[in-house]
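> whatever this is, show me its structure:
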Amino acid sequence: MADNRLVLRLHNAQQGHQAIQQAWAHAKGYLMASGAPMVLEVRPETRSDRQNRLLHALFADVAAQALWMGQKRTPAEWKVLFVSGHSVATKQGAELVPGLEGEFLNLRESTARMGKARMASLLDYVTAWAVAHGVELREARLWVDAETGEIIGGIQT
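Numbering: from 1, shown residues only. Next up is the predicted model:
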């Protein structure tokens, strides 16, 4: 089934009212056609979608080209490494705790809850690490499909 998600940014009361009407028209059509429930979430904006796409594109570039502890790592594993390293580098600290099965894990901050400034700092941190470690980063315009906004897959090695 197609992704029936609609994301709208509300900038002021007038534009927000128009966006809510647009959201209702979108949801109503889906509800009438499928009868399946939908979720409407209204929340303050944290990081921007563009920042999020760039961050995940950086993780893909690093995962395609770099090793950590002698092994290839997935973009998700690089995310954990970078968010943890950034937290320590920016004096936010890290907490390493024993897990439920005796493993050790870092209780790290959530990127979803980062504001724009904090996310910009993380993007700078990841970019600096990548450049320092010889990772060739795609030009920003090559990270995102211009028509869909989706991240283009990692560099093939």
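
> just give me the residue closest to the centre of the protein.
In the chain, the residue lying closest to the centroid (Cα atoms, centre = their mean) is residue 52, at 3.6 Å.

> okay, and it sits in which element?
Using DSSP states H and E, residue 52 falls within helix 49-65.

> keeping just the C-alphas, turn that helix into CSV.
The C-alpha coordinates for helix 49-65 follow below in CSV (Å, rounded to 0.1, in the frame of the first residue of the first chain):
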residue,chain,number,x,y,z
ASP,A,49,13.7,17.1,7.7
ARG,A,50,16.6,18.3,5.6
GLN,A,51,19.0,17.9,8.5
ASN,A,52,17.6,14.4,9.1
ARG,A,53,18.1,13.4,5.5
LEU,A,54,21.6,14.8,5.4
LEU,A,55,22.5,13.0,8.6
HIS,A,56,21.3,9.6,7.4
ALA,A,57,23.1,10.2,4.0
LEU,A,58,26.3,10.8,5.9
PHE,A,59,25.8,7.6,7.9
ALA,A,60,25.4,5.7,4.6
ASP,A,61,28.5,7.3,3.1
VAL,A,62,30.6,6.4,6.2
ALA,A,63,29.1,2.8,6.4
ALA,A,64,30.1,2.2,2.7
GLN,A,65,33.7,3.3,3.1
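
> for the record, mean pLDDT for that helix?
Across helix 49-65, the average pLDDT comes to 91.

> swap in stretch 80-92?
Here stretch 80-92 scores 95 as its mean pLDDT.

> helices along this structure, start to end?
13-34, 49-65, 75-89, 116-132, 140-143 (DSSP state H).

> sweet, I'm off.
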